[in-house]
Each structure stands twice: as structure tokens, then as C-alpha cells.
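Undergrad: Show me the folded form of this:
(2 chains)
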2 protein chains.
Amino acid sequence: MTEEQVEQAEAEKEPEQEVDDRLLRLAAEFDNYKKRAARERQEYVALANERLVQALLPILDDLERALQAASAHEEAKLEEGVRLVHRSFEQLLQREGVEEIDTSGAFDPHVHEAMLAMPSAEAESGAVLDVVQKGYKIGSRVVRPARVIVAE
Amino acid sequence: MTEEQVEQAEAEKEPEQEVDDRLLRLAAEFDNYKKRAARERQEYVALANERLVQALLPILDDLERALQAASAHEEAKLEEGVRLVHRSFEQLLQREGVEEIDTSGAFDPHVHEAMLAMPSAEAESGAVLDVVQKGYKIGSRVVRPARVIVAE
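TA: Numbers count the residues shown, from 1 in each chain, chains lettered A, B, ... in the order given. As a prediction, the model looks like this:
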């Protein structure tokens, strides 16, 4: 077709056809968007992990310094280093919105996991007697339930 | 409008109007998809972080056990615990695809950061003399460059 013929064909287009074209274009755009969204979702996850990994590296550095102190038999420096690592670790988790699950009250099946039930002279039935493993949550989501021993 | 009137109106629809309706529906669907995609992206990031946090918790447990050993003045147990924490930490990073950046050869500005240039009798100019801080990468992405001292 020459340019003139194309122009003529465009001018002759029926209104339905124009709407049809818009429909096709929108469908193609939608399709592209879906593909891009799936790709971006993966990239976001990779970037989110990378950000957390980046925050972990200084803790790994401190840990290695503590190990060097251990190799040099500098016990005080080792202990100080481990305390530093622990503090940094806790701060990192805090920044990520991680909170320790409360175990001071009664057993709560939503956030606690009963490992054992034991008779108790002092505690009320259903009270948490001891914590075997600390539990953690992010907001209302339980990342790991607290493993506890419960009063019978 | 009564049901009959609605049916009549539907029957009277021009073909253009039908295509127009499809266009509107598709546009609305597209819009909803965009909103959902943005929401899902955030959820994916939160879940990805939660997965990593979950993997970190056993390391935190070991760290706390090591600190308990320190408080009990069990030096050997403390050191053993710290080595365990370090090993777990390294394994976690490995699983995340994190690799240490090689510093055995010549200075590479893509993965190294020169902190200092020093004259050297033995090393060739541009060789890495010492590593001040280890660097890490995920695939070809540099998470943190290796900070090095370079031969002048």
C-alpha cells in the first residue's frame, strides 16, 4: 500500500473498528503489564533479601573478630564480642518488626506450642511454667511459636 | 427499569456499544489488576523477609546459649558455641546465594574498594596486599565490595 492508500484506509475505518483497535491495544498492554509485574515481583523479593543480607554482614564481621579473639585466647574480648553480636542481632530483628512472644501469662495456643504438661503446686492450671524455646512474631504473624511447658 | 425493559435495552444495543462495554470492562479489570499487583508485591517482600528471619532464629538461639555459657564462665563452651553460630551464619548466607569476593589477584574496581595504596617491594603494582573488610556478592551483584589495600 502507498501512504495515500493507508491514509484512505484509515479514513474509511468504521467507528466499531476504531473501538476494536483500542480494545486490542488495551489487551496487549494488559498482557505486557502482567508479564512485567511477575518479573518485578521476583526482583523485589531478591532486593528485599539482599537488603537483609547486607544488614547481616557487619554482624558476621563482628562474629569473625570475636573468633579471632578466641584463637588468640583473649577470653574477655571474645565474650565482649559475642555480646556485641547478640545486641546487633536483636537490633536487626527489631528493625524488621520482629518481637519476642510474651510467655508471662496463660498458655495461648495461637502463639505458644505446648511441649509438655506438668503438675504444679504453685501455678494455676494452663499457666506457662517454663520456656523451652523463645517464640517470635512480626505484627500479628507468628514467625515461630514459643515452645513452652504448661501447668496441668 | 423493569427486567423486560432491561432485556429490551440489551437487545437494542448497537455493536459499537458492545465493543465499548468490553473496552470499559477490560479497562476496569486492568485497573484492579494493577492495584492487586502492587499489594502482592508488598506481601511477597514481607514473606521473603519473614523466611529469612525464620532462618535466623536458630542462630540467635545458639548465640544466646553461647552467652549463657559465658555467664557461667564455661570458656570452652562459649568458644564452641561461637564457632557453631559462625558456621550456621555462613551456611545461611550460602543458601541465599551469597559468596565471598575473591581478593587473591589484582585490584578490580568492580568488586574491590581501595582504602589505601602502599608501596610494596614484593607485589606487582595494582596487586591486592591486604583485605580490610571482606566483600560479598550474590551472583554478579556486589552486596558489599571488598575493602582492600593495594600495591602502588
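
Undergrad: Could you confirm whether the longest helix along chain A reaches chain B?
TA: Among the segments of chain A that qualify as a helix by DSSP state H, the longest is helix A:15-71. Yes - Helix A:15-71 lies within reach of chain B by CB under 8 Å from any CB of the partner chain, at A:15-16, A:19-20, A:22-23, A:26-27, A:29-30, A:33-34, A:37, A:40-41, A:44-46, A:48-50, A:52-54, A:56-57, A:59-61, A:63-64, A:66-67, A:70. All C-beta spots, glycine's among them, are computed from the backbone N, C-alpha and C.

Undergrad: List the buried residues for the following helix or strand past that helix?
TA: Moving toward the C-terminus from helix A:15-71, the next helix or strand (DSSP states H and E) is helix A:75-95. Residues of helix A:75-95 classed as buried by neighbour count (16 or more other CB atoms under 10 Å in any protein chain shown): A:78-79, A:81-82, A:85-86, A:88-89, A:92-93.

Undergrad: Next: stretch A:98-118.
TA: A:98, A:101, A:103, A:107, A:111-112.

Undergrad: got a list of what the residue positioned nearest the centre of chain A touches?
TA: Closest to where the C-alpha atoms of chain A average out (CA atoms, centre = their mean) is residue A:96, at 7.8 Å. Residues near residue A:96 by CB atoms under 8 Å, 6 or more residues apart in numbering or on different chains: A:52, A:138, B:49, B:53.

Undergrad: Distance to residue B:128, neighbour count and pLDDT for the residues you listed - can I get that in JSON lines?
TA: Below are the contacts of residue A:96 laid out as JSON lines (distance: CB to CB, whole Å; neighbours: other CB atoms under 10 Å in any protein chain shown; pLDDT from 0 to 100):
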{"residue": "A:52", "distance to residue B:128": "28", "neighbour count": "19", "pLDDT": "91"}
{"residue": "A:138", "distance to residue B:128": "41", "neighbour count": "17", "pLDDT": "92"}
{"residue": "B:49", "distance to residue B:128": "34", "neighbour count": "20", "pLDDT": "87"}
{"residue": "B:53", "distance to residue B:128": "35", "neighbour count": "20", "pLDDT": "93"}
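
Undergrad: Next, format the residues you listed as JSON lines and append distance to residue B:123.
TA: Shown next, in JSON lines, are those (distance: CB to CB, whole Å):
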{"residue": "A:52", "distance to residue B:123": "36"}
{"residue": "A:138", "distance to residue B:123": "49"}
{"residue": "B:49", "distance to residue B:123": "42"}
{"residue": "B:53", "distance to residue B:123": "43"}
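
Undergrad: if I look at the residue nearest to the centre of chain A, how far off is residue B:67?
TA: 21 Å (CB to CB, to the nearest Å).

Undergrad: for residue A:22, same thing?
TA: Computed as CB to CB, the residue A:22 to residue B:67 distance reads 66 Å.

Undergrad: Please pull out the lowest mean pLDDT helix or strand from chain A.
TA: One helix or strand of chain A scores below all others by mean pLDDT, DSSP states H and E: helix A:3-12, with a mean of 62.

Undergrad: tell me the SS of residue A:120?
TA: Secondary structure, DSSP: H, G, I helix; E, B strand; the rest coil: residue A:120 is coil.

Undergrad: Excluding chain neighbours, what is closest to it?
TA: residue A:151 (4.1 Å; CB to CB, 6 or more residues apart in numbering or on different chains).

Undergrad: Low-confidence ranges, chain A, go.
TA: For chain A, residues meeting the criterion pLDDT under 70 lie at A:1-16.

Undergrad: quick one, what contacts residue A:149?
TA: Taking CB under 8 Å, 6+ apart, one finds A:114-118, A:128-132 in contact with residue A:149.

Undergrad: host element of residue A:149?
TA: Per DSSP H and E: strand A:146-151 holds residue A:149.

Undergrad: mind exporting that strand as CSV, just the C-alpha atoms?
TA: Listed in CSV are the C-alpha atoms of strand A:146-151, where the atom choice follows Å, rounded to 0.1, in the frame of the first residue of the first chain:
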residue,chain,number,x,y,z
ALA,A,146,7.2,-20.1,71.8
ARG,A,147,7.7,-23.7,72.9
VAL,A,148,6.6,-23.9,76.5
ILE,A,149,5.9,-26.2,79.4
VAL,A,150,2.4,-25.8,80.8
ALA,A,151,0.9,-26.4,84.2
